[in-house]
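Visitor: Generate a structure from the sequence data that follows.
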Amino acid sequence: MRLQNKVILVTGSATGIGKAIAKRCVAEGAKVVIHGLEADLAAEVVAEIGADKAVAHVEDLTSETCPATLVNLAVSTFGRLDAIVNNAAMVTASNIHTTDLAFFRKMLEVNTLAPFALIKAALPELRKVRGCVLNIGSVNAWSGEPNLMPYSVSKGALMTLTRNLGDTLMREDGVRVNQINPGWVLTENEAKRKREHGLKDDWYADLPKVYAPAGRILWPEEIAAAAVYWLADESGPISGQVMDLEQHPFIGRNPPKDSTTIP
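Guide: Now for the predicted structure:
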């Protein structure tokens with residue numbers, strides 16, 4: 001029960017990693033605010049968790065009113081706000097040839113500016129309890145897949161935001177800001193995306209070891225387990241840190257170029 005009596009707001013928690021984080025937070029003793037774009041899915045999560053431990057709000061996070069609404073919902077329902085998890089993200093394949101400025105701006109709006117706006121809206125409440133922020137980034141922040149160019153840039157910007165605010169807010173307000181960068185995770189949306197990319201229905205069952213040394217990719221529950229440490233008091237004063245969560249080293253990795261990786 002490492003999150004006993006804490007109130008945690010998790011964006012993008014109607015599905016995937018966000019849902020897994022919200023459920024794990026409740027299992028560790030917290031109450032949660034569920035957020036998403038699909039009213040039916042958000043309601044399902046609340047029903048699964050229990051209406052005494054969860055409340056939901058459905059709204060586009062880039063809406064000018066959404067950050068304040070989410071913060072006010074947490075306080076009016078549960079009396080406080082201890083942490084926010086900026087998990088909601090737009091993940092759409094595109095490269096320099098298929099990206100126009102309007103699309104790029106939308107990606108930055110959802111993945112970088114919306115988390116900033118929520119941190120700003122939540123800061124007065126987080127300051128009261130010496131709370132924390134956990135941003136959910138991506139290993140793509142370091143460079144990114146060729147067809148995830150705008151997404152990768154938005155996560156790189158989020159990483160710098162984490163380090164900048166992790167220094168400033170810890171010093172000035174006692175509020176920690178950290179980030180985890182998940183690698184390849186088997187969420188409902190990722191399974192769907194890969195099928196749309198032309199892979200077979202069970203593509204995740206037989207992956208090259210260069211991508212999945214364990215024989216599988218990560219599960220949302222494994223990311224959620226890691227998230228708890230950064231949300232709990234046991235992480236102490238640690239702030240401004242970015243942790244990659246992948247089953248192989250990411251920066252500097254240079255896989256063998258032989259029959260073990262090349263058919």
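Visitor: helices or strands next to the helix or strand that contains Lys128 in the packing?
Guide: Assigned by DSSP states H and E, Lys128 belongs to helix 114-129. If contacts are counted by 3 or more CB pairs under 8 Å, 6 or more residues apart in numbering; DSSP states H and E, helix 114-129 sits against helix 66-78, strand 83-86, strand 132-136, helix 149-173. The C-beta positions use only the backbone N, C-alpha and C, and glycine is treated the same way.
Visitor: ok, now with 6 Å
Guide: Applying 3 or more CB pairs under 6 Å, 6 or more residues apart in numbering; DSSP states H and E, one finds that helix 114-129 makes contact with helix 66-78, strand 83-86.
Visitor: what's stretch 29-44 in contact with?
Guide: 1, 3-4, 6-11, 13-15, 22, 25-26, 45-46, 53-58, 73-74, 78 (CB atoms under 6 Å, 6 or more residues apart in numbering).
Visitor: Point out the most buried one among the helices and strands packed on helix 114-129.
Guide: strand 83-86 (a mean of 30; mean count of other CB atoms under 10 Å).
Visitor: before we move on, what SS does Leu61 have?
Guide: Under DSSP: H, G, I helix; E, B strand; the rest coil, Leu61 falls in the coil class.
Visitor: Excluding covalently adjacent residues, which one is nearest to it?
Guide: Leaving aside its sequence neighbours, Leu61 sits nearest to Ala114 (CB to CB, 6 or more residues apart in numbering; 4.4 Å).
Visitor: swap in Leu108?
Guide: Using CB to CB, 6+ apart and skipping residues adjacent in sequence, the residue nearest Leu108 is Ser154, 5.2 Å away.
Visitor: I'd assumed Ala114 was in contact with the one you found.
Guide: No: look at Ser154 against Ala114 with CB atoms under 6 Å: they stay out of range, at 10.2 Å.
Visitor: coming back round to it: in helices only, show me the contacts of stretch 29-44.
Guide: Secondary structure defined by DSSP state H assigns 22, 25-26, 45-46, 73-74, 78 of these to helices.
Visitor: now, which of those sits nearest Gly198?
Guide: For the ones in helices among the contacts of stretch 29-44, the closest approach to Gly198 (CB to CB) belongs to Val45, at 30.9 Å.
Visitor: Residues in contact with the helix or strand encompassing Met243: which ones?
Guide: If you go by DSSP H and E, Met243 is part of strand 242-245. Contact partners of strand 242-245, identified using CB under 6 Å, 6+ apart, comprise 139, 159, 179-182, 226, 250.
Visitor: possible to save the residues you listed as CSV with secondary structure?
Guide: Formatted as CSV, these follow (three-state DSSP):
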residue, secondary structure
Val139, helix
Met159, helix
Gln179, strand
Ile180, strand
Asn181, strand
Pro182, strand
Ala226, helix
Phe250, coil
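Visitor: Widest-spaced pair of these?
Guide: Spanning the widest gap among the contacts of strand 242-245 are Met159 and Ala226, at 16.4 Å by CB to CB.
Visitor: Between those two, which has more neighbouring residues?
Guide: Comparing Met159 with Ala226 by neighbour count (other CB atoms under 10 Å), the higher total belongs to Met159, at 19 against 16.
Visitor: pLDDT value on the residue lying closest to the more buried one once chain neighbours are set aside, please?
Guide: Leaving out its chain neighbours, the residue that sits closest to Met159 by CB to CB, 6+ apart is Ala141, at 4.7 Å. For Ala141, the model assigns a pLDDT of 97.
Visitor: where does Ala141 land in three-state SS?
Guide: Judged by three-state DSSP, the three-state class of Ala141 is helix.
Visitor: isn't Met159 right up against Trp142?
Guide: No: Met159 is not in contact with Trp142 according to CB under 6 Å; the separation is 8.5 Å.
Visitor: quick one on the thing from earlier: who has more neighbours, Ser154 and Ala114?
Guide: Comparing Ser154 with Ala114 by other CB under 10 Å, the one with more neighbours is Ser154, at 29 against 22.
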